[in-house]
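1. Predicted structure and sequence below. I'll ask about it afterward.
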There are 2 protein chains.
Amino acid sequence: MKACILAIGSEMLTPFRVDTNSLLITERLNAIGYDVRLKAVVADEVDELAEIIRAAMAWADLIMVTGGLGPTEDDITRDAVARTLDTPLDVDEAIADRIRDRFARRGMTMPEINRRQAMVPRGADVLENPNGTAPGLWIERGRTAIVLLPGPPREMRPMLEGVIRDRLAPRSGTAGLFRRVLKITGRAESDVDAQVQPVYAKWTAQPVPISTTILAVLGQIELHLSAQAPSLQAADTVLDVAVLELQTVLGPSIYSTDGRSLEAVVGDLLREHKLTIAVAESCTGGLLASRLTDVPGSSDYMERGVVCYSNRSKTELAGVPEALIAEQGAVSEPVARAMAEGIRTRAGTNVGIGITGIAGPGGGSPEKPVGTVAVAVILDDEARVRTFQFFGGRDMVKFQAAQAALNMTRLAVTRVQGPREWAERK
Amino acid sequence: MKACILAIGSEMLTPFRVDTNSLLITERLNAIGYDVRLKAVVADEVDELAEIIRAAMAWADLIMVTGGLGPTEDDITRDAVARTLDTPLDVDEAIADRIRDRFARRGMTMPEINRRQAMVPRGADVLENPNGTAPGLWIERGRTAIVLLPGPPREMRPMLEGVIRDRLAPRSGTAGLFRRVLKITGRAESDVDAQVQPVYAKWTAQPVPISTTILAVLGQIELHLSAQAPSLQAADTVLDVAVLELQTVLGPSIYSTDGRSLEAVVGDLLREHKLTIAVAESCTGGLLASRLTDVPGSSDYMERGVVCYSNRSKTELAGVPEALIAEQGAVSEPVARAMAEGIRTRAGTNVGIGITGIAGPGGGSPEKPVGTVAVAVILDDEARVRTFQFFGGRDMVKFQAAQAALNMTRLAVTRVQGPREWAERK
């Protein structure tokens, strides 16, 4: 089943906005077997939108349109659909009444302009919108179902779930495009690809083939596996085997096979092992603490964090000896280690992390260029200390350094020696 | 001049990817007077892409295509364009030589498959790609220019700049779509819209009309002004006046008219007034410190931050009396104020910030529901303390709380009483 997703609105065509509705819609449609073949963002022009809908009707089983259902002249979706289908728009008085009631409940009178939202192409089914005035519409023409939903995510989402459950899933049976995402960190993309390519190459010839995409995003690599299968169960069977094969090859550099973020994985490990954590950050400036505390329930294991942006604060907050900073430089493994040890001792936690580095754009030197970051993770009697050379701008260096610290923590808690990880006994 | 932007690749149609190339392309095209009317992401299918290009040729002055220029069977952009234009593909031996050289410089032999990248629709001009093997292509047919660029941003960007400078800008003259973005925080969208609507309504009837879009994003509102003007100078003249009118109406709730983030605005103010800052955070978990330190050069004014996730750490790191926490509760204005005062005194800075609240999803109560956050900003002898009720999930509460603290700091440094801001003398 082929689908097309259209987002309507000139404001979506500025350099400042991306259409994120389509990501959720794609995910939900894939899960019931629709293959999204085209996504487009279209300006508020009746003729242009009508032309695109007409073209998509030639091949699409489903055209999902979001936006352009408001009450103003700019809201052209209803008109464009009526024009494409060569069908008149009628006012549906039941919708007009509901909109009027909605205003009345807030002590307001419905502006006359809102009657536009009660216009329905003849033959369309109305989809109720519990969170707004614009109802959705469902129209079938030949093989193609056209679904119109409002643009605001808060209104669109529950309506999408309803239309998938009640109308689209029954049409598509149980077949679907099922996905798994494996997340990997601490490795180079080319290394990972070289290792996994022989594994995934043979999946394309299976009875239930799996297609594999490798995506390198900042500080991590994602492997996306997609199986077009007759049922969820059939997909699970092949995908479980595939994930196992990749885990055999890649080992502990895979940190997540269920979509969890690295901070959530670390949090779950800390909770499982009943460990507490405290962090002392310099160049990451609080990003590591912020990521750790993005996880609901993180107050169970996160005791404190300090951001030592001055040398004085490294001494006062993390007990780093002034002489050590003078001798080794603020960006050095001994200072990172002293920060981790100092914060761990003061907070009385199991884990202490110290990060010190040069986020840039200033502050680099030939010996320690921008992107040099020393990270120390101490868990009970074991310290892991490592110096990284990250690339990119300030925010990229911050993110990669926090990512590295989280990954070292994950490997320490699971007592795994990471790839090229240097561990020592205290 | 009307433009259409197409991104090619089935991997761009998963739930995990957005097409960000189109944002940069839109910005650059707007600046030379092109109005982007349609953006689409298209699967790797020759027929479907050819159909879309054919439809766009009916109205577009420019069709900008990114991606699908690689060496594999999946890379279908060249074929689709040739099919649309009904023109043969020839191998350009000069391109093949350059690709061969590129491989040779790395000590490799060009795989035969890469000859596909030397295929050129007859009559096309080749656009050099300094950062990759896939050259770009420029084709004119009737009123429409078709530009093919590779998908990877590192390759696409310099080629885009070149084609705009050398080919597109000369065609469009100096006319353009010029934009300003005003950023506002601490206000409700409906308030702002009610206040500014009478102002911007009259701009549409000017000789150089300005269209206005209001966008509410988490914790801030953006007003986007666009003027379609014959020259940058003509646009600047009307846009300067428009910005001034909005500043008169909205006053200090506008924090930026030049694209700067709130943390950058606060940083510039601190530097300008030679002030230093230290922060004590609970529910924001380091996000405020991280945002402050996202700004290059922030070590000039940022002295330290502490993340007091336990009550004990509030006492140890920010000197909050245990009795005060017991008496008032950890989430209270007196505790926020004690955190701000404590960190300011210990760090010896001009500004101290304290934040304590309930980020959720747990921890709420009927008196203090999830989203309750107390923020204190102390600057020299003046304290501002305020309690907010934010909406949304954990990360949204964190962001809004950090945003509020930054805004209170901005208003304190400029000695402005914010809207509904409560200030007191110590």
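-> Sure, I can see it.

2. ok, which residues in the stretch 201-350 of chain A are in contact with chain B?
-> A:213, A:215, A:222, A:224, A:226, A:279, A:281, A:284-290, A:292-294, A:296-299, A:302-310, A:312-313, A:316-317, A:346-347 (CB under 8 Å from any CB of the partner chain). For glycine as for every other residue, the C-beta is placed from the backbone atoms N, C-alpha and C.

3. Setting aside sequence neighbours, what's the nearest residue to residue A:276?
-> Excluding the flanking residues, the one nearest residue A:276 by CB to CB, 6 or more residues apart in numbering or on different chains is residue A:349, at 4.0 Å.

4. oh, I was asking about residue A:133
-> Per CB to CB, 6+ apart, closest to residue A:133 is residue A:99, 4.9 Å.

5. pretty sure residue A:400 contacts residue A:389?
-> No. With contacts counted by CB atoms under 8 Å, residue A:400 stays clear of residue A:389, the gap being 9.9 Å.

6. Among the residues of the stretch 201-350 of chain A next to chain B, which lie within strands?
-> A:213, A:215, A:222, A:224, A:226, A:279, A:281, A:302-308 (DSSP state E).

7. lowest average confidence, helix or strand, in chain A?
-> strand A:423-425 (a mean of 32; mean pLDDT, DSSP states H and E).

8. circling back to that earlier point, just the buried ones from the ones in strands among the residues of the stretch 201-350 of chain A next to chain B?
-> Applying 16 or more other CB atoms under 10 Å in any protein chain shown to these, the neighbour count classes A:213, A:224, A:226, A:279, A:281, A:302-308 as buried.

9. The residue of the stretch 51-200 of chain A found nearest chain B is in what secondary structure piece?
-> The minimum distance from the stretch 51-200 of chain A to chain B, using CB to the nearest CB, falls at residue A:55 (5.3 Å). Following DSSP states H and E, one finds residue A:55 within helix A:46-57.

10. same question, residue A:103
-> Going by DSSP H and E, residue A:103 is part of helix A:93-105.

11. and the residue of the stretch 101-250 of chain A found nearest chain B, what pLDDT?
-> Across the stretch 101-250 of chain A, no residue is closer to chain B than residue A:213, which sits at 5.2 Å (CB to the nearest CB). What the model reports as pLDDT for residue A:213 is 78.

12. so it makes contact with residue A:196?
-> No. Between residue A:213 and residue A:196 there is no contact under CB under 8 Å: 11.4 Å.

13. Are there residues contacting both of those two? Which ones?
-> Shared contacts of residue A:213 and residue A:196, defined by CB atoms under 8 Å, 6 or more residues apart in numbering or on different chains, are found at residue A:223.

14. all helices of the stretch 51-200 of chain A, in order?
-> Listed in chain order, the helices of the stretch 51-200 of chain A (DSSP state H, counting those that start in this stretch) span A:77-85, A:93-105, A:153-163, A:169-172, A:189-201.

15. and of the ones you listed, who's closest to residue A:27?
-> Proximity to residue A:27, assessed across the helices of the stretch 51-200 of chain A by CB to CB, is greatest for helix A:153-163 (10.2 Å).

16. got the domain boundaries for chain A?
-> Annotated domains of chain A cover A:2-172, A:176-256, A:262-425 [automatic domain parsing].

17. Just name the most buried of the ones you listed.
-> Counting by mean count of other CB atoms under 10 Å in any protein chain shown, domain A:262-425 has the highest mean neighbour count of the domains of chain A, with a mean of 21.

18. Quick check: residues of the stretch 1-150 of chain A near chain B?
-> Proximity of the stretch 1-150 of chain A to chain B, by CB under 8 Å from any CB, involves residues A:11, A:13-20, A:23-24, A:26-27, A:30, A:36-43, A:45, A:48, A:51-52, A:55, A:58-59.

19. In helices, which of those fall?
-> A:23-24, A:26-27, A:30, A:48, A:51-52, A:55 (DSSP state H).

20. and which of the residues you listed is nearest residue B:188?
-> Looking across those and measuring by CB to CB, the closest to residue B:188 is residue A:24, at 26.4 Å.

21. Mind pulling the model confidence for that closest one?
-> 90.

22. how about low-confidence regions in the stretch 101-250 of chain A?
-> By pLDDT under 70, the low-scoring segments of the stretch 101-250 of chain A are A:173-174.

23. let's see it at 90
-> Within the stretch 101-250 of chain A, the segments meeting pLDDT under 90 span A:101-117, A:130-134, A:152-155, A:165, A:169-181, A:186-195, A:197-198, A:201, A:204-209, A:211-236.

24. The stretch 301-426 of chain A now?
-> In the stretch 301-426 of chain A, residues with pLDDT under 90: A:360-363, A:381, A:391-393, A:395-396, A:415-426.

25. still on that earlier bit, so what sits against both of residue A:400 and residue A:389?
-> Residues touching both residue A:400 and residue A:389 (CB under 8 Å, 6+ apart) are residue A:373.

26. Touching, residue A:26 and residue B:15? I think so.
-> Yes. Judged on CB under 8 Å, residue A:26 makes contact with residue B:15 at a distance of 4.5 Å.

27. where does residue A:185 fall, phi/psi-wise?
-> Dihedral angles of residue A:185 (phi, psi; degrees, to the nearest 10) stand at phi -140, psi 160.

28. which element is the closest residue to residue A:413 other than its chain neighbours on?
-> Nearest in space to residue A:413, with sequence neighbours left out and distances taken as CB to CB, 6+ apart, is residue A:269 at 4.6 Å. Element membership for residue A:269, per DSSP H and E: helix A:262-272.

29. tilt between that helix and strand A:302-308?
-> 130 degrees (axes from the mean of the first three to the mean of the last three CA atoms, to 10 degrees).

30. Who are the packing partners of helix A:262-272?
-> Applying 3 or more CB pairs under 8 Å, 6 or more residues apart in numbering or on different chains; DSSP states H and E, we find helix A:262-272 packed against strand A:254-256, helix A:287-292, helix A:394-413.

31. Can you list the neighbours in contact with that helix?
-> A:183, A:185, A:220, A:255-256, A:260, A:275-277, A:291-292, A:294-295, A:297-298, A:300-301, A:351, A:403, A:406-407, A:409-410, A:413-414.

32. Endpoints of stretch A:28-40, how far apart?
-> From its first residue to its last, stretch A:28-40 covers 18 Å (CA to CA, to the nearest Å).

33. Which strand residues bridge residue A:2?
-> residue A:35 (DSSP bridges).

34. Can you give me the distance of it to residue A:60?
-> 5 Å (CB to CB, to the nearest Å).

35. Find the residues that touch each one of those two.
-> By CB under 8 Å, 6+ apart, the residues touching both residue A:2 and residue A:60 are residue A:37.

36. quick revisit: residue contacts, the residue nearest to residue A:276?
-> A:275-278, A:303, A:343.

37. from the residues you listed, which single one is nearest chain B?
-> Nearest to chain B among these, with distances taken as CB to the nearest CB, is residue A:303, at 5.2 Å.

38. what separates that closest one from residue A:292, distance-wise?
-> Residue A:303 is 11 Å from residue A:292, by CB to CB.

39. Ok, residue A:327 next?
-> Taken as CB to CB, the span from residue A:327 to residue A:292 is 31 Å.

40. Next: residue A:234.
-> Going from residue A:234 to residue A:292 by CB to CB gives 39 Å.

41. could I get the helices of the stretch 51-200 of chain A as JSON lines with distance to residue A:65?
-> Shown next, in JSON lines, are those (distance: least, CB to CB, whole Å):
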{"stretch": "helix A:77-85", "distance to residue A:65": "6"}
{"stretch": "helix A:93-105", "distance to residue A:65": "18"}
{"stretch": "helix A:153-163", "distance to residue A:65": "11"}
{"stretch": "helix A:169-172", "distance to residue A:65": "18"}
{"stretch": "helix A:189-201", "distance to residue A:65": "35"}
